[in-house]
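**Q** this is the structure alone, sequence omitted:
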């Protein structure tokens, strides 16, 4: 696993996890910057998740600075980022509320082009 800065948001996930999908979608909606790590393709990431969860590969697991959270809410991730990595939220707060995402075919095409 590549080492990420201690003040970043690291999002551990695995394919097929509905909780991961929901949290990822909501973090993006709230414009929280994060680094994604698939625990099925990164053994050291899976090991870190097992240490954090007492031996299980429970995802989503999110690490912000020294704080590790298992299946956290978006509010919990935002609180941790404010405490451990406030610089990550500065641009988000300067820009104000996010515009509502486009829906339907137009929204799908925009997300497809953006790689989301």
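**A** Received, thanks. Model, not experiment: these values are computed from the prediction.
**Q** next SSE downstream of the lowest-mean-pLDDT helix or strand in the chain?
**A** Within the chain, no helix or strand scores below helix 87-95, which has a mean of 74 by mean pLDDT, DSSP states H and E. Per DSSP states H and E, the first helix or strand lying C-terminal to helix 87-95 is helix 104-114.
**Q** next one: that next one to chain centre, how far?
**A** 21 Å (C-alpha atoms, centre = their mean, to the nearest Å).
**Q** over to stretch 61-68?
**A** 10 Å.
**Q** start to end distance for it?
**A** 7 Å (C-alpha to C-alpha, to the nearest Å).
**Q** who touches that stretch?
**A** 6-12, 23, 34, 48-49, 52-53, 69-72, 77, 80-81, 83-85 (C-beta atoms under 8 Å, 6 or more residues apart in numbering). For every residue, glycine as well, the C-beta is placed using N, CA and C.
**Q** please apply the same query to stretch 79-91.
**A** 6-9, 32-33, 62, 64-67, 69, 72, 78.
**Q** in PyMOL, how would I select the buried members of the residues you listed?
**A** To isolate the buried members of those in PyMOL, using 16 or more other C-beta atoms under 10 Å:
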select buried, resi 8+9+32+62+64+65+67+69+72+78
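**Q** I'd like the contacts of stretch 79-91 laid out as a markdown table, including secondary structure, pLDDT and distance to residue 105.
**A** Shown next, in a markdown table, are the contacts of stretch 79-91 (DSSP: H, G, I helix; E, B strand; the rest coil; pLDDT from 0 to 100; distance: C-beta to C-beta, whole Å):
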| residue | secondary structure | pLDDT | distance to residue 105 |
| --- | --- | --- | --- |
| 6 | coil | 62 | 42 |
| 7 | coil | 70 | 39 |
| 8 | coil | 85 | 34 |
| 9 | strand | 94 | 31 |
| 32 | coil | 90 | 27 |
| 33 | coil | 90 | 28 |
| 62 | strand | 97 | 32 |
| 64 | strand | 94 | 36 |
| 65 | coil | 88 | 40 |
| 66 | coil | 88 | 44 |
| 67 | strand | 93 | 40 |
| 69 | strand | 97 | 36 |
| 72 | coil | 97 | 33 |
| 78 | helix | 94 | 31 |
